[in-house]
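Colleague: One predicted model, sequence on top.
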Amino acid sequence: MRFSQPVSKQWLGAAILALVSTASPAFGQEVALSIRAGLGGVARPGRWMPLLVTLESQSAIEGDVLVEWGSSRIVHALRLSPGMPRHLNLFIRATDVRGAISTRFTSDRRAVASATVPIHLSATDAPVTVCTTALPDSAVSCTVSVTEMSAPVDWRGYDAADRVEPDGVPASFNANQRTALSLWKRARELEESGTATIAGNVPDTVPPGLRHAGILLAFPGALALAALGSRFVPRRAFAAGIALLGASVGATVATLLIDRSSTIAVHHASTLEAFEGSEVALLLMRAVATFPSSGVFALTGEASSQVLDRTSFGQAPLDEQFDERGRPLLAGRFGLGERAPFSLSGSARAVLTAESTGTGVRVLNASPFELDACEWPSGFPAAPVRLAPGMSVTADHRADEPTSVTCQMTAPPTRFLDSERPVTVIGSTIVALRLAAGSVQR
């Protein structure tokens, strides 16, 4: 395959680095480890960088894969079987970046294998053009090139790119590679146009059981204290203080009554952006997890295509954690009633989908959940406020302008699991479906 000319010097450097990053694996006592980093060996500060980490063991072993780049770190639990390679597709993002990325595999707190590979850091003002197929001479100056052997399988893998040439998706790409490139193009369009859907505020994070029990127990507490103290303190001065003290006592007692089997509450405000012709949507969740008791918790996300970020503004970044299956983790020791804010981003199954009907477009609620507060562009003769599961609405004609359908969903856009306790997800999701240009007559 021959790519367009002229090929930039930056591309040549990136290609060399890409070869270096896939050179002979580093061997430890039991595990062989190799890493391919960057989009064709290129990375940019503040953008997602794809990583392909490959490990192979001579014997059965369990441990953690640790990836460090600048101030960011990934911790991925892993179980290796003899002679069976494992390939991990990971993504890391950092603003305090370095020119190399280090990876190691640890077991029982000892380093078993490690590798460090260089990364070409592209300047933030230097455009990065990715070529996915051969182009006519002098058509495009390619910064990097990808083929079906190296193309990302997740849309975040293209995050360092400014554009991908040529337009369209190569037929040689597999299904995951095609979906990744299509989603990245749609996400970049939303970013550049400033039209991305904005989620609402995260709802109240006080557990309902605690709040209601505290209110109920506040009254007897206040009455008992009032009966004891009214003989010694003037009535008016005593009343206000006793009410506050009784409420405090009631809330404290209610807290102590919550046992370890109580529910972990995840309050969230989310958006789910889908696009015509795709069954995969972009998910962005802002959430707070509230823990019912003191102890060690491992709150697990639903899909390996998602990343859970606990970094707060102005604070040092926390580890990105993943379980053995690649699902995002919020794990650690938390106190009774402690709240842990986080964000979850990635992809999820689309709730609203659209398909062409020839001259028009058909919008379908492809989820098992009811949608409410739906808003439709003109051109849809029936514009129901509610969409039941499996219900569809059709516009008979097309026009030239892009538009969208939005609904509200109270069902969670993704699930969370804990090995010992049930998890309740509370909040709302704005479900948006972007209809392509020419989808609906206005």
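Modeller: Looks like it came in fine. Numbering: from 1, shown residues only.
Colleague: For the rest of this, base every contact and every neighbour count on C-alpha atoms.
Modeller: OK.
Colleague: which intervals of the stretch 151-300 of the chain have sub-threshold pLDDT?
Modeller: Confidence mapping of the stretch 151-300 of the chain against pLDDT under 70 gives the ranges 204-261.
Colleague: My error: substitute the stretch 1-150 of the chain in the last question.
Modeller: By pLDDT under 70, the low-scoring segments of the stretch 1-150 of the chain are 1-29, 134-139.
Colleague: what ranges of the stretch 301-442 of the chain fall below the confidence cut-off?
Modeller: Along the stretch 301-442 of the chain, the model assigns pLDDT under 70 to residues 311-317, 398-399, 438-442.
Colleague: mind listing what residue 269 touches?
Modeller: The contact partners of residue 269, by C-alpha atoms under 8 Å, 6 or more residues apart in numbering, come to 199, 200, 201, 202, 203, 285, 286, 287, 427, 428, 429.
Colleague: Give the phi and psi angles for the first one, as a check.
Modeller: Phi and psi for residue 199, reported as degrees, to the nearest 10, are phi -80, psi 160.
Colleague: Tell me, how many residues neighbour it?
Modeller: Residue 199: 18 surrounding residues under other C-alpha atoms under 10 Å.
Colleague: What of the fifth one?
Modeller: Other residues near residue 203 number 15, with proximity taken as other C-alpha under 10 Å.
Colleague: Looks to me like it is in a helix.
Modeller: No. Read with DSSP: H, G, I helix; E, B strand; the rest coil, residue 203 is coil and lies in no helix.
Colleague: Please verify my assumption that it contacts residue 268.
Modeller: Yes. Residue 203 lies in contact with residue 268 (C-alpha atoms under 8 Å); the separation is 6.7 Å.
Colleague: before we move on, back to that, and the contacts of residue 269, which of them are buried?
Modeller: Neighbour counting by 16 or more other C-alpha atoms under 10 Å classes 199, 202, 285, 286, 287, 427, 428, 429 among these as buried.
Colleague: In CSV, list the residues you listed along with secondary structure.
Modeller: Below are those laid out as CSV (three-state DSSP):
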residue, secondary structure
199, coil
202, coil
285, strand
286, strand
287, strand
427, strand
428, strand
429, strand
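Colleague: intersection of neighbour lists for residue 203 and residue 268?
Modeller: Any residue near both residue 203 and residue 268 by C-alpha under 8 Å, 6+ apart counts here, and that gives 426, 427.
Colleague: circling back: which one of the contacts of residue 269 is nearest residue 155?
Modeller: residue 285 (17.3 Å; C-alpha to C-alpha).
Colleague: middle-most residue in the chain, spatially?
Modeller: Per C-alpha atoms, centre = their mean, the C-alpha nearest to the average position across the chain is that of residue 345, at 1.9 Å.
Colleague: Not counting sequence-adjacent ones, nearest residue to that one?
Modeller: residue 284 (4.6 Å; C-alpha to C-alpha, 6 or more residues apart in numbering).
Colleague: beta partners of that neighbour?
Modeller: Residue 284 forms beta bridges with residue 271, residue 345, as assigned by DSSP bridges.
Colleague: The chain should start at 59 in everything you say after this.
Modeller: Okay, residue one is now 59; in that scheme the one you just asked about reads as residue 342.
Colleague: so who does it touch?
Modeller: By C-alpha under 8 Å, 6+ apart, residue 342 lies in contact with 328, 329, 330, 401, 402, 403, 404.
Colleague: sorry, back to before: could you single out the nearest of the buried ones among the contacts of residue 327 to residue 95?
Modeller: residue 343 (27.1 Å).
Colleague: Can you verify my assumption that that closest one contacts residue 402?
Modeller: Yes. Residue 343 is within contact range of residue 402, at 5.0 Å (criterion: C-alpha under 8 Å).
Colleague: so where do the helices sit in the stretch 59-208 of the chain?
Modeller: All helices of the stretch 59-208 of the chain, identified by DSSP state H, counting those that start in this stretch, fall at 67-79.
Colleague: ranges for the strands of it?
Modeller: Here the stretch 59-208 of the chain has its strands, by DSSP state E, counting those that start in this stretch, at 84-85, 89-95, 100-101, 107-115, 119-127, 130-138, 144-150, 158-165, 168-176, 178-179, 187-189, 202-203.
Colleague: hang on, the earlier thing: columns distance to residue 187 on top of the contacts of residue 327, output as CSV?
Modeller: Below are the contacts of residue 327 laid out as CSV (distance: C-alpha to C-alpha, whole Å):
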residue, distance to residue 187
257, 31
258, 35
259, 37
260, 38
261, 41
343, 30
344, 32
345, 35
485, 40
486, 38
487, 34
